[in-house]
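>>> Make a model of this:
(one chain, ligands or ions: 1)
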Amino acid sequence: MPSEESYKVIEGDWKDFRFRRVLPADYEAVQEHVAQNFVRDENTCKLLGWNEDFAADVSLVVSLFLPEGLSFIAEHIPTGKIAGVRITFHHKPDSSFDGVPLKSRNSKILLKLVNEIEEMADVVNKHGIDTWAEFFIASTSPDFRNQGLAGEFYDRSINFLTAEGFKHALVVVTSPYTRKATIKRGFEQQSRIDYENFLDFDEKTPVFKKEDLTSEHYAMVMLKTL
Ligand SMILES: CC(C)(COP(=O)(O)OP(=O)(O)OC[C@H]1O[C@@H](n2cnc3c(N)ncnc32)[C@H](O)[C@@H]1OP(=O)(O)O)[C@@H](O)C(=O)NCCC(=O)NCCS
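From the prediction side, this is the model:
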């Protein structure tokens, strides 16, 4: 578990929000936040379409990471609501989603995208690293978007992970806002998949229909040396 000294770097009040670690008592609310916000609004999830099994699968993956103690929430102080979450995990050489019992096709497709774009980035060979902190989910509730929360999460998380001794932070970004936030903080692009080129499990059929796509529909692996 991270040290109390490191938690001091990230926890605290900012504007109307309280940044704090996710405690076991918060797990359910955090999973619900992810299911109802991230799975509905993140670009890839939105294209794939929300359904209960999809939301449950993403919540399940999140639940596997929470006990690592690297994830945080921003609570809206006046109402006590979760305004935003930042789910992070320690990527180790043997990290894999393979054994996770996923129910929905959408979550399998989403993880296929993550696996492919990370394989393409190949940071293990290109940068000689086999472990890093991976930002898995950034999510702000619609009521609190565009007030700087995701950016503040990045700043605080970078300081926290540095205090914890991590040397690299990696994230797959799919939103124009997180692209902007990561570039601003010195993350560098490692790979990119344009959604029109992303293929289904048969490696032949495009997953997404061309008419549903815009120039904003692409994902990139971003890496920062801490
Ligand atoms: C992406 C998301 C987390 C951004 O959260 P947020 O708290 O609104 O983000 P911020 O307010 O910190 O904005 C981040 C950057 O994007 C810009 N931005 C945010 N919303 C914007 C908007 N509607 N129009 C233009 N720019 C916007 C901000 O100005 C900021 O840039 P800056 O640091 O140069 O000022 C949020 O929209 C969300 O939860 N979306 C659904 C889930 C998702 O896509 N997650 C990320 C996947 S990689």
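>>> Give me every residue in this structure lying close to the ligand.
37-38, 41-43, 84, 138-140, 145-151, 173-175, 177-178, 180-181, 184 (C-beta under 6 Å from any ligand atom). C-beta: built from backbone N, CA, C; applies to glycine.
>>> Going by neighbour count, which of the residues you listed are buried?
37-38, 41-43, 84, 138-140, 145, 149-151, 173-175, 178, 181 (16 or more other C-beta atoms under 10 Å).
>>> mind checking which helix or strand A169 is in?
strand 168-173 (DSSP states H and E).
>>> Can I get that strand in CSV, CA atoms only?
This file holds the C-alpha atoms of strand 168-173, laid out as CSV (Å, rounded to 0.1, in the frame of the first residue of the first chain):
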residue,chain,number,x,y,z
HIS,A,168,6.7,6.2,-15.6
ALA,A,169,3.0,6.9,-16.0
LEU,A,170,1.1,5.5,-19.0
VAL,A,171,-2.5,6.2,-20.2
VAL,A,172,-4.6,5.3,-23.1
VAL,A,173,-6.5,8.5,-24.0
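>>> ok so, going back, in strands, which of the residues of the chain next to the ligand fall?
Of the positions in the residues of the chain next to the ligand, 84, 138-140, 173 sit in strands, assigned by DSSP state E.
>>> Could I get the contacting residues of P101?
L60 (C-beta atoms under 8 Å, 6 or more residues apart in numbering).
>>> and L170, how many neighbours does it have?
Neighbour count for L170, taken as other C-beta atoms under 10 Å: 20.
>>> any idea how far A29 is from it?
Distance, L170 to A29, using C-beta to C-beta, to the nearest Å: 27 Å.
>>> now do H90
H90 is 23 Å from A29, by C-beta to C-beta.
>>> How about T140?
Distance from T140 to A29, by C-beta to C-beta: 15 Å.
>>> Pass me the low-pLDDT residue ranges in the protein, would you?
Filtered on pLDDT under 70, the chain yields no residues whatsoever.
>>> for it, which helix is longest?
helix 105-121 (DSSP state H).
>>> Following that one in sequence, what is the next regular element?
As the chain continues past helix 105-121, the following element, by DSSP H and E, is helix 123-127.
>>> Buried residues, that next one. List them.
Buried, per 16+ other C-beta under 10 Å, within helix 123-127: 123, 127.
>>> give me the element Q31 is part of.
Per DSSP H and E, Q31 falls inside helix 27-33.
>>> what's in contact with that helix?
With C-beta under 8 Å, 6+ apart as the criterion, helix 27-33 contacts 22, 59, 62-63, 66, 71, 73, 82, 85, 87, 139, 141.
>>> Just the C-alphas of that helix, formatted as PDB.
Extracted C-alpha coordinates of helix 27-33, given in PDB (Å, rounded to 0.1, in the frame of the first residue of the first chain):
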ATOM      1  CA  TYR A  27     -16.000   0.800  -3.600                       C
ATOM      2  CA  GLU A  28     -19.700   0.400  -4.400                       C
ATOM      3  CA  ALA A  29     -20.300   4.200  -5.100                       C
ATOM      4  CA  VAL A  30     -17.100   4.400  -7.200                       C
ATOM      5  CA  GLN A  31     -18.100   1.400  -9.300                       C
ATOM      6  CA  GLU A  32     -21.600   2.900  -9.700                       C
ATOM      7  CA  HIS A  33     -20.000   6.200 -10.800                       C
END
